[in-house]
Structure formats: C-alpha cells, structure tokens
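Trainee: Build me a model from this:
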Amino acid sequence: MNRQANFSKPLDIVIPVYNEGDNIVEVLESLRRSVNTPYRVLICYDRDDDTTLTALDAYPNRALSEVILVKNRIGGVCGAVLTGFADSIAPAVMVYCADDPNNATRVDLMYEQLVEGLDMVIGSRFIPGGCMIGCPPLKSLLVRIAAFTLSRFAALSVSDPTNGVRVYSRRLLEGINIESRHGWSFNLELLVKAVRSGYWVGEFPYRHLERTQGESRFRVMEWLPHYLRWYCFAFATLFSRKELLPPVSFAQKQGKLSAALVRGNNG
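Mentor: Presented below is the predicted three-dimensional model:
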C-alpha cells in the first residue's frame, strides 16, 4: 500500500520526551487550544517508567487529541525522533519540544508555509519576531557562532541552522538518509543535505524560552563532536549542488532504520 495515501490527518507532531511529567500536559493543552490543522501527536519515549507516561494517564483531555505512544527503538533523543519519523504517516511532520507551551500558535503558520511549497520550515530564533531567552551562556555562544558562520559563509540560506523545532515534508524525509545517531545533530545534517540537494527551505519566527520545569537533556560537550562533523560537511560541500534525488520509499526508509538497529545491537 502507498504509505503516503494512508493517512487520516495532514500533520504529525513528533515530541521526544524524557521524564517530562511536569511539562507534557501543558504542552498538549497549548496545542489543543491553538492548532487548527488536524494533527496527531507522537510521544516518543525511552523507558516504561518515564514520568511523561504517568502524566498522560492522568490527562483528562487525552481523548480529545490523537496522542500515540511510540517506544524509542534506538535510544537517546536522536533515536526518539528517528523512530517518530519512521512511525509517522502524515504528509507533513513536525518536531516539537516537550517543554514548550509558548509556540503552539506558530504551528499552523509553519505548516501553511510547507503547504505553499517548502520542504522544510525552521523555527528561527534570530529573525524579527524570534528570540532566545534564558539560554546558558556556553550553549548560547556556540549556537550563535554556528548560526552566524553557517548562514554567512556556508550558504545555508537560513539564520538559525541548528534549531530543532521544524516542519518537514514527506518528500524530504523520504529523500534524505539520516546518518546521525547522537543528540540533535541530525538537525544540521538534514539542513545541509536538503540545501545541497535542492529542496526548498524557509524559516519562521520562533521564541525560545529556556525551560523552567525539569532538567535539560541538552549535552553541549558530549554532542559537540557530532555537530562539528556536519558543520565541517557544510563547508566541504559549499560548492556542491546535486540534482534533487528521487524519493526513497518508506519501505526502504524503514529497512534502513531496521538495519541501523541491528548494527547498534551488534555494536
């Protein structure tokens, strides 16, 4: 069966979680109140004792939204998002943060940009209407340096190349093979490969307010080498322009994910 034709709602929202019991209900409520585009939510979790699951069991409006629990088949935040991608069926897929009740009003507008012809819409903290407030100094410095150098000198066409809140077209997700397995480095990988392959990429103002509940899982020094790989790749491919590759079928895509799981279990 054609997986692209087998969907009930035009937008899947993938939310990776790790003990987000203090935040997840407020986030789901913000989406329920603000998003008019029909959507499903895929909650991607690692462990059965995750506090997010307990909070969802007590969530009184869960029946009003299509919330699907997805067990991470790889591990870590990157694995959670990749598992969400593999289980998504909608023509548009958004990655959203489990601690962000402030940007739900932007979901419809970002989705509309995708419908108008883009393949990736990035929530940008560095264009008018966007901001980054309360970010730890080291993280803020590295993010701003990466954003400035990549946008100015690597021709990536967006001002915030590392932000993870994005909407992707099915065409892009089926056409690009994601190699990353650590942290949020897949964001930069996807952007560089998309731009170099000729996909249409845009951005929309995004307000990042550092979390006030729970512990941040962002590991700057642990993930930095994986970001640097794709940072260097962006400059190495600066003068490389490929013709748009034919889409990879979702059966092939899931086969690649299964192969990655086997390699991970054997490694």
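
Trainee: List the backbone torsions phi and psi for Val165.
Mentor: Per-residue torsions, Val165: phi -80, psi 110 (degrees, to the nearest 10).

Trainee: Give the buried residues for the helix or strand containing Leu31.
Mentor: Secondary structure from DSSP states H and E places Leu31 in helix 24-34. The neighbour-count check on helix 24-34 (16 or more other C-beta atoms under 10 Å) flags 24-32 as buried. (Each C-beta comes from the backbone N, C-alpha and C, glycine too.)

Trainee: Kindly report the same for stretch 196-210.
Mentor: Under 16+ other C-beta under 10 Å, the buried positions of stretch 196-210 are 196-197, 199-206, 208.

Trainee: With stretch 132-144 instead?
Mentor: Across stretch 132-144, burial judged by 16+ other C-beta under 10 Å covers 132, 135, 140, 142-144.

Trainee: Turn those into a markdown table, including distance to Ala236, secondary structure and pLDDT.
Mentor: Compiled in a markdown table, the buried residues of stretch 132-144 are given as follows (distance: C-beta to C-beta, whole Å; DSSP: H, G, I helix; E, B strand; the rest coil; pLDDT from 0 to 100):
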| residue | distance to Ala236 | secondary structure | pLDDT |
| --- | --- | --- | --- |
| Met132 | 28 | strand | 94 |
| Cys135 | 29 | coil | 86 |
| Ser140 | 26 | helix | 90 |
| Leu142 | 20 | helix | 91 |
| Val143 | 21 | helix | 92 |
| Arg144 | 22 | helix | 94 |
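
Trainee: Those: which two are farthest apart?
Mentor: Met132 and Leu142 (12.0 Å; C-beta to C-beta).

Trainee: how many other residues sit next to Tyr45?
Mentor: 24 (other C-beta atoms under 10 Å).

Trainee: any idea how far the closest residue to Pro91 other than its chain neighbours lies from Ala63?
Mentor: Excluding its sequence neighbours, the residue lying closest to Pro91 (C-beta to C-beta, 6 or more residues apart in numbering) is Arg170, at 4.9 Å. Plainly put, Arg170 is 27 Å away from Ala63 if you go by C-beta to C-beta, to the nearest Å.

Trainee: more neighbours, the two?
Mentor: Just comparing Arg170 and Ala63: by other C-beta under 10 Å the higher neighbour count belongs to Arg170, 21 against 8.

Trainee: The more buried one touches Ala90, doesn't it?
Mentor: Yes: the criterion here is C-beta atoms under 8 Å, and Arg170 meets it with Ala90 at 7.4 Å.

Trainee: quick one on the thing from earlier: any chance of TSV for the buried residues of stretch 132-144, columns distance to Tyr231?
Mentor: Output for these, formatted as TSV (distance: C-beta to C-beta, whole Å):
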residue	distance to Tyr231
Met132	19
Cys135	19
Ser140	17
Leu142	10
Val143	12
Arg144	14
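
Trainee: Can you name the residues that contact Gly76?
Mentor: 46, 181-183 (C-beta atoms under 8 Å, 6 or more residues apart in numbering).

Trainee: Looking at those, which is nearest Val70?
Mentor: Asp46 (10.7 Å).
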